[in-house]
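A.B. asks: Just a sequence and a predicted model for now, questions to come.
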Amino acid sequence: MMRSFKIFNLVLITGLLIFNSCKDKNNNFVFPSIEEDVELGAQVAEQIENDPDQFPILDESEYSDAYTYLNTLLDYILTSGEVQYKEEFVWDIHIIENDSVLNAFATPGGYLYVYTGLIKYLDQEDDLMGVLGHEVAHSDLRHTSRNIQRQYGINFILGLISGEDPSQLEQIAGQIAGTAAGLTFSRAFEVEADERSVEYLANTPYACNGAYSFFQKLLDEGQAGRTPAFLSTHPNPEDRVEDINIKADELGCDTTPLAPASYEDFKNMLPQ
């Protein structure tokens, strides 16, 4: 009788998930719940923190000025009115010390990571805002969770729901942490993130097409082949420059860089 009751509850919960919880606020088909996104992200963050050789994260106390500066930029995006899970996700940002890496990445639940190499490579604050908007979008649009759904399928999701194997989330977290710096998304997901970045920045003082300038710099310097995993290699940089600017034109938002001089001060707050 008890087993039948559990099965009934599982079927009922599954049905409710399918009809009520499997779509996010943009009607994207996603099985994992928001709570599972947050839990998964927390486990990934813990594993990243426990691997300082691969992820040498700057101490927030020692580099408090740099973190205050970076969080101020992030707040512009979070208060743009366009972030779906502003309240549900943690939106915790970290700086990874590696000047040779042009990278940033996001994990489920709003955990964001930016390398010092990328910060120093970018020319102005608007450029960094474009990158931050892109990464916020990956979390906010739940791209990693949607990848998990596609990769592991319904049986895995049902296992999470039933709680039959509590180690499943931990295993997935380990896989994500192990490849976090090289996370790649489909062309469709990259386009989504680019477009959302424009939408976020449209409600800030920054150039709404800030995400394009990184690609443009790579192209101008003949370094398109250095396009890091965080922005993927598809669509190619030329297409992304064009698509981001087309989106800005569609929105009619301001593309004039704010370009405050304080960005150089921010760079100097980092290890030299």
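C.D. replies: Structure received.

A.B. asks: what about residue 113, is that helix, strand or coil?
C.D. replies: strand (DSSP: H, G, I helix; E, B strand; the rest coil).

A.B. asks: Would you mind confirming that it is in contact with residue 94?
C.D. replies: Yes: with contact defined as C-beta atoms under 8 Å, residue 113 counts as touching residue 94 (5.1 Å). For every residue, glycine as well, the C-beta is placed using N, CA and C.

A.B. asks: These two: who's more crowded?
C.D. replies: residue 113 (22 against 17; other C-beta atoms under 10 Å).

A.B. asks: Next, find the distance separating the more buried one from residue 260.
C.D. replies: 23 Å (C-beta to C-beta, to the nearest Å).

A.B. asks: Listing request: residues of the stretch 101-250 of the chain with sub-threshold pLDDT.
C.D. replies: Low-confidence segments of the stretch 101-250 of the chain (pLDDT under 70): 151-184, 223-235.

A.B. asks: circling back: which neighbours do residue 113 and residue 94 share?
C.D. replies: The contact sets of residue 113 and residue 94 overlap at residue 57 (C-beta atoms under 8 Å, 6 or more residues apart in numbering).

A.B. asks: Can you report how many residues lie near the nearest residue to residue 92 once chain neighbours are set aside?
C.D. replies: Excluding the flanking residues, the one nearest residue 92 by C-beta to C-beta, 6 or more residues apart in numbering is residue 111, at 5.3 Å. With neighbours defined by other C-beta under 10 Å, the count for residue 111 comes to 24.

A.B. asks: wouldn't residue 111 be in contact with residue 46 here?
C.D. replies: No: applying C-beta under 8 Å, one finds residue 111 not in contact with residue 46, separated by 10.1 Å.

A.B. asks: CA atoms only for stretch 140-151 - export them in PDB, please.
C.D. replies: Taking Å, rounded to 0.1, in the frame of the first residue of the first chain, the C-alpha atoms of stretch 140-151 are listed here in PDB:
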ATOM      1  CA  ASP A 140      18.900  33.100 -16.200                       C
ATOM      2  CA  LEU A 141      17.800  31.200 -19.300                       C
ATOM      3  CA  ARG A 142      18.900  28.000 -17.600                       C
ATOM      4  CA  HIS A 143      21.000  26.800 -20.400                       C
ATOM      5  CA  THR A 144      23.000  24.300 -18.400                       C
ATOM      6  CA  SER A 145      19.800  22.700 -17.000                       C
ATOM      7  CA  ARG A 146      18.400  22.500 -20.500                       C
ATOM      8  CA  ASN A 147      21.600  20.800 -21.700                       C
ATOM      9  CA  ILE A 148      21.200  18.300 -18.800                       C
ATOM     10  CA  GLN A 149      17.700  17.600 -19.800                       C
ATOM     11  CA  ARG A 150      18.800  16.900 -23.400                       C
ATOM     12  CA  GLN A 151      21.800  14.900 -22.400                       C
END
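
A.B. asks: now it: how far from the chain's centre is it?
C.D. replies: 12 Å (C-alpha atoms, centre = their mean, to the nearest Å).
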